[in-house]
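In: model this:
(4 chains)
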Protein chains: 2
Amino acid sequence: MATAGQVSEPISSWDPYTRGCPSRDLLDQIGSKWAVLVLGELGRHGACRFTQLRQQLAGVSEKMLTQTLRTLERDGIVARHVTPSVPVRVDYELTPLGQSLLVVVAQIKAWAEANMDAVRDARDAYDAASD
Amino acid sequence: MATAGQVSEPISSWDPYTRGCPSRDLLDQIGSKWAVLVLGELGRHGACRFTQLRQQLAGVSEKMLTQTLRTLERDGIVARHVTPSVPVRVDYELTPLGQSLLVVVAQIKAWAEANMDAVRDARDAYDAASD
DNA sequence: CGGGATCCGCACGGATACTG
DNA sequence: CAGTATCCGTGCGGATCCCG
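Out: As a prediction, this is how the structure comes out:
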């Protein structure tokens, strides 16, 4: 902050270490389980339909998928395209903003997959020491 | 499940798109708000004490900080060093595994900070259209 | 087909008080 | 100082029914 002359410049000092900073909630949103998986799927597949996503994210409830998509849409991360056919067709795809997020989010997913074994070993060791 | 004969094959096919896969919960853990902030702080500062972390993560409750640290410790991401002095001194620091995670996790935090403005604009536009 | 609405259990997450 | 223990509200998250 403190940079002078921000007449219409919204400062951008969004520090999530500050109490009540909105970037903290954004952090939680984009790091959430379902958001990461939705992002990843849309990144691979391009546009996807609701049911298609629902099947890929095995075990997700309709409610959570809808909620996740709504939030991502509201945040400008995914775009929602409605085709007014007889059975309505809805497609979701990443916005440019969403694609930039995908890059970083894909790495967390990759890390989780790659290091699951190491984490599992650490857990076993920890639990064994607790006895 | 249902795949017969997983005798001693550690496979490492930890696909979070699969229902019930443990990597899904790991994904949630490491992407959580407090975990990201703890990782970031330990990454900058090196070893930190409990109270120090508590002050940096403004607004975190003791319970959540303890819980976060415990989980990260169990997963082998942070190490807990106890110095048996009269007032007990406890320091937390990143393990090598934790440092590898820090690299990817720092990017989400950076993304959230960098794109908070764009997200806020998108939200305003979305909310305005909802009227 | 793609949700919106609703009910509900339960675990998350905060506040407080107490202990080694 | 660094937790643990406890109480408790809120909202997550699943299940179900129904509508456009």
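In: Not counting its neighbours along the chain, what's nearest the most centrally placed residue in chain A?
Out: Geometric centre of chain A, nearest residue: A:Ala35, 3.0 Å, by CA atoms, centre = their mean. Excluding the flanking residues, the one nearest A:Ala35 by CB to CB, 6 or more residues apart in numbering or on different chains is A:Thr68, at 5.6 Å. Where you see a C-beta, it was placed from the backbone N, CA and C, and this is true even at glycine.
In: The one you found and A:Val38 touch, don't they?
Out: Yes - using CB atoms under 8 Å, A:Thr68 is in contact with A:Val38, at 5.8 Å.
In: Mind checking which of these two has more residues around it?
Out: A:Val38 (27 against 23; other CB atoms under 10 Å in any protein chain shown).
In: Could I get the pLDDT score of the more buried one?
Out: pLDDT recorded at A:Val38 is 96.
In: Surely it and A:Leu72 touch.
Out: Yes - with contacts counted by CB under 8 Å, A:Val38 reaches A:Leu72, the gap being 6.7 Å.
In: residues shared between the contacts of those two?
Out: Counting by CB atoms under 8 Å, 6 or more residues apart in numbering or on different chains, the residues touching both A:Val38 and A:Leu72 are A:Val78.
In: Any figure for the gap between the residue nearest to the centre of chain A and B:Met64?
Out: A:Ala35 sits 21 Å away from B:Met64, going by CB to CB, to the nearest Å.
In: hmm, back to that, give me phi/psi at the residue nearest to A:Ala35?
Out: phi -60, psi -50 (degrees, to the nearest 10).
In: Which residues are in contact with it?
Out: Here A:Thr68 is in contact with A:Ser32, A:Trp34, A:Ala35, A:Val38 (CB under 8 Å, 6+ apart).
In: Repeat the analysis, applying 7 Å as the threshold.
Out: A:Trp34, A:Ala35, A:Val38 (CB atoms under 7 Å, 6 or more residues apart in numbering or on different chains).
In: Helices - which of those land there?
Out: Counting by DSSP state H, the part of the contacts of A:Thr68 found in helices is A:Trp34, A:Ala35, A:Val38.
In: just those now: which is nearest B:Ala128?
Out: Ranked by distance to B:Ala128 (CB to CB), the ones in helices among the contacts of A:Thr68 are led by A:Ala35 at 23.4 Å.
In: Near DNA strand D, which residues of chain A are found?
Out: By CB under 7 Å from any atom of the strand, the part of chain A that sits against DNA strand D consists of A:Ser32, A:Lys33, A:Gly59, A:Val60, A:Ser61, A:Glu62, A:Lys63, A:Met64, A:Pro87, A:Val88.
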